[in-house]
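give me a model of this one.
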Amino acid sequence: MIDPERIWSSNQLPTLPSVAIRLLEISKNPDTEIREVIDVIKADPAITAKILKSTNSSFFGFSSKVTSIDRAVPLLGTTVVTSLALSFSLVEAAMTKGPLAEHYSSYWKQSVVQGVAAQLLGELSRDGLDCEYFLAGLLADLGRLAMLKTISKDYLPVLETARDERRPLLDVEREILDVDHVTVGVKLMEHWQLPESLIKAARLHHASLDVLRQVADDEDFGLVKSVATAATIGEYFCTTNTGPALESLKTLVGEFYGITDSDLNDLIVKARERFDDAGDVFSVATDSIADPSDLMAEASEHLAQLAVREHVASTQATARQELVEREKQQLQATNQKLRKQALYDPLTAVYNRHFFDETLNNEIERARRSAGSLGVIFTDIDRFKQLNDTCGHQFGDQVLARVAKVCGRALRASDVLARYGGEEFVILLVQPTEKGLAKVAERIRASVEAEEIIFDGKRIPVTISVGAVLAIPSRNDDDDLSTQLIAAADEAMYDSKENGRNQVHARSLLSEQDRQLARMVTSCRFSRWLVNCEVLDIATASKALLKCDTPWVRIGVMAQQHGCLDALQVDQILQDQEQSNQRFGEIALRLGLLDEMTLAQLLSLQQEDPATFGQTLVCMGILDRTAVDALVTAYFAEIRPKLAANVERQTAGLAR
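Down below sits the predicted model:
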């Protein structure tokens with residue numbers, strides 16, 4: 001990268017001689033007389049001599065020799081003379097010796113080629129002065145001259161890279177220096193106060209076809225398109241990037257001049273013939289410019305090389321992408337393996353103790369917020385040591401895996417089964433009822449007892465002792481509740497052991513008030529209502545509940561939605577909660593803002609949204625949409641009057 005300020009502040013920046021500056025000034029005035037132009041030119045004998053030499057060259061092709069500047073200026077015209085004066089100034093700036101001489105010469109040769117090509121294209125379009133087209137093409141790459149003079153050490157590697165790698169110079173400039181010759185040239189032309197049409201042509205001479213199309217209605221578009229096309233001719237004849245230059249040239253001449261690929265060679269040949277005439281005038285050695293037929297062959301070979309290179313690059317990119325995909329898949333497999341090792345017990349393929357402990361703590365926090373219930377089931381394989389001693393540890397491992405599999409089949413997808421250690425398994429259930437927890441525990445016990453486990457052709461009886469505990473975490477419970485739940489379930493399991501094994505003992509940590517409220521909530525739920533109405537049986541309702549994910553809504557928000565509490569009452573409860581840290585419903589009961597039945601109805605809606613449960617039934621194909629809508633409407637018609645009656649009764653009590 002380079003700071004462009006180094007270019008603008010350099011004392012090596014190209015300047016215009018006073019004659020050229022004066023000619024530019026007076027050429028802007030349409031009333032300027034020929035005599036005034038002649039007097040300005042005569043003030044510089046060197047430019048006078050060069051203009052006379054040019055007038056008599058084959059480049060202009062006058063039939064008789066012109067011997068005085070007084071006759072040459074009227075013959076050439078003010079615009080041509082001004083263009084020649086500017087051109088000769090650039091010739092002097094581009095003539096240098098030393099290590100950069102080759103690059104100065106290359107710049108000047110390409111500039112002259114672009115000038116001749118632009119003039120030729122101007123003749124085709126017939127919408128401007130030929131000399132103006134020549135000057136515009138000549139000045140298009142002025143930025144290259146400025147960069148050679150001001151930042152030569154930094155610019156030389158750019159020129160060599162573009163040449164050696166056969167790439168567009170503009171791309172390499174932007175890649176290495178972050179500034180390009182178009183930007184530099186335009187700024188220098190603006191500093192010289194050149195006509196806006198010339199600046200515009202320089203700014204767009206490397207523009208894409210889409211950009212050029214966007215300015216097609218501009219009054220100077222004839223000049224702009226000619227210089228842009230001439231720039232590709234200059235790149236074609238004077239750089240190593242012949243193949244892509246030819247492709248761009250075909251596109252531009254076809255778009256702007258209607259020249260087909262078959263006619264393009266005639267244009268190239270005509271341009272090449274004119275280069276020699278211009279070379280005599282502007283001191284350019286044109287013998288190094290290739291013959292059109294040789295150049296066409298070189299361009300075709302370059303395009304073939306690029307096609308091969310692109311194919312190789314594409315093949316390599318595909319191979320790299322395939323390698324990346326394989327590495328990605330290997331990484332995913334490794335991550336999956338590590339995740340499995342971190343979360344699962346390798347022998348039984350169920351969750352490990354660490355995952356269970358983490359999940360239990362998370363569910364306790366969720367239950368504290370929503371006043372939801374949690375169930376923990378603890379199991380232990382009966383007489384497992386004896387089984388190991390009799391049948392061997394390998395068979396004991398098989399028993400552990402079979403018991404884990406049997407337990408998993410007896411659970412819901414939302415339940416969490418983990419190996420807790422040795423022959424102990426632990427299960428977490430979310431939102432169970434007391435009866436539901438006991439039924440799950442018994443189903444697990446019975447399933448293990450019924451499992452056919454064979455050793456040496458004989459069925460080996462395997463049973464488990466089960467302990468279960470139910471709790472609704474309070475906001476005031478200490479942080480060690482998870483340990484208390486595990487300990488309570490473990491103690492219940494030991495009750496089963498001490499009472500003869502192969503049985504279930506369940507405990508409840510619910511207060512009598514929580515137990516009564518939980519029963520009321522269960523009886524109010526939409527799924528229970530459907531069972532009571534004999535629309536569903538318990539098994540079907542249970543399956544649907546496993547797939548139903550009710551969005552959680554705060555009880556205070558739900559109470560306002562159903563008209564049970566207003567905003568002031570909710571705020572009152574929340575303020576009390578900050579001090580007492582009790583549940584929302586407990587405070588509402590204590591303050592007399594809700595009664596138990598109203599709270600139970602609200603909690604049932606919070607735990608099981610009828611609309612969501614109904615949608616689940618539709619998705620499972622159990623009921624159709626019309627039936628579900630009618631049932632949800634009937635359910636709310638029954639429950640809402642109860643809510644309203646409870647609110648009215650409570651309000652009347654408060655009034656008394």
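
phi, psi of the residue lying closest to Arg383 once chain neighbours are set aside?
Using C-beta to C-beta, 6 or more residues apart in numbering and skipping the chain neighbours, the partner closest in space to Arg383 is Arg501 (7.6 Å). For the C-beta atoms, the positions are set from N, CA and C on the backbone; glycine is no exception. Arg501 adopts backbone torsions of phi 70, psi 170, taken as degrees, to the nearest 10.

just the one 4 residues further on next, same as before
Backbone torsions for His505, taken as degrees, to the nearest 10, come to phi -130, psi 130.

element containing the residue nearest to Ser288 when sequence neighbours are not counted, please.
Take Ser288 and drop its neighbours on the chain: the residue closest to it by C-beta to C-beta, 6+ apart is Lys109, 7.4 Å away. Under the criterion of DSSP states H and E, Lys109 resides in helix 101-125.

go on, Pro74?
Using DSSP H and E, Pro74 falls within helix 69-76.

what's the following helix or strand after that helix?
Past helix 69-76, the next helix or strand by DSSP H and E is helix 78-94.

so that following helix versus helix 101-125, what angle?
Between helix 78-94 and helix 101-125, the angle comes out at 160 degrees (axes from the mean of the first three to the mean of the last three C-alpha atoms, to 10 degrees).

okay, angle between helix 78-94 and helix 69-76 too, please.
Using the same axes, to 10 degrees: helix 78-94 against helix 69-76 is 110 degrees.

packing partners for helix 78-94?
If contacts are counted by 3 or more C-beta pairs under 8 Å, 6 or more residues apart in numbering; DSSP states H and E, helix 78-94 sits against helix 18-27, helix 34-42, helix 45-55, helix 69-76, helix 101-125, helix 130-139, helix 142-150, helix 261-282.

what residues sit buried inside the fifth one?
Buried residues in helix 101-125, defined by neighbour count with 16 or more other C-beta atoms under 10 Å: 103-122.

now swap in stretch 21-29 and tell me
In terms of neighbour count (16+ other C-beta under 10 Å), stretch 21-29 has its buried residues at 21-24, 26-27.

then stretch 449-465?
Buried residues in stretch 449-465, counting neighbours by 16+ other C-beta under 10 Å, are found at 451, 453, 460, 462-465.

and that stretch, how far out from the chain's middle?
56 Å (C-alpha atoms, centre = their mean, to the nearest Å).

what's the span of that stretch from first residue to last?
10 Å (C-alpha to C-alpha, to the nearest Å).

kindly report the same for stretch 497-511.
26 Å.

again, but for stretch 346-361
Note: stretch 346-361 ends 23 Å apart using C-alpha to C-alpha.

mean confidence for it?
Taken as a whole, stretch 346-361 carries a mean pLDDT of 92.

and for stretch 578-585?
When pLDDT is averaged over stretch 578-585, the result is 87.

and it, which residues are buried?
Quick answer for stretch 578-585 (16+ other C-beta under 10 Å): 582-585.

now it - C-alpha only, CSV.
What follows is stretch 578-585, C-alpha atoms only, in CSV (Å, rounded to 0.1, in the frame of the first residue of the first chain):
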residue,chain,number,x,y,z
GLU,A,578,-39.5,-8.7,45.9
GLN,A,579,-39.8,-8.7,49.7
SER,A,580,-41.2,-12.2,50.4
ASN,A,581,-39.7,-14.1,47.5
GLN,A,582,-42.9,-16.2,47.4
ARG,A,583,-44.5,-17.5,44.3
PHE,A,584,-46.9,-15.2,42.4
GLY,A,585,-49.9,-17.5,43.1
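
can you list contacts of it?
Stretch 578-585 has contacts (C-beta atoms under 8 Å, 6 or more residues apart in numbering) with 371, 474-476, 517, 554-556, 573-574, 576-577, 587, 590, 594, 599, 602-603.

quick one on the thing from earlier: so what secondary structure elements neighbour the helix holding Pro74?
Helix 69-76 packs on helix 34-42, helix 45-55, helix 78-94, going by 3+ C-beta pairs under 8 Å, 6+ apart.

repeat the analysis, applying 7 Å as the threshold.
Packing partners of helix 69-76 (3 or more C-beta pairs under 7 Å, 6 or more residues apart in numbering; DSSP states H and E): helix 34-42, helix 45-55.

contacts for that helix next, please.
For helix 69-76, the surrounding residues in contact (C-beta atoms under 7 Å, 6 or more residues apart in numbering) are 34, 37-38, 41-42, 48, 51-52, 55, 62, 66, 81.
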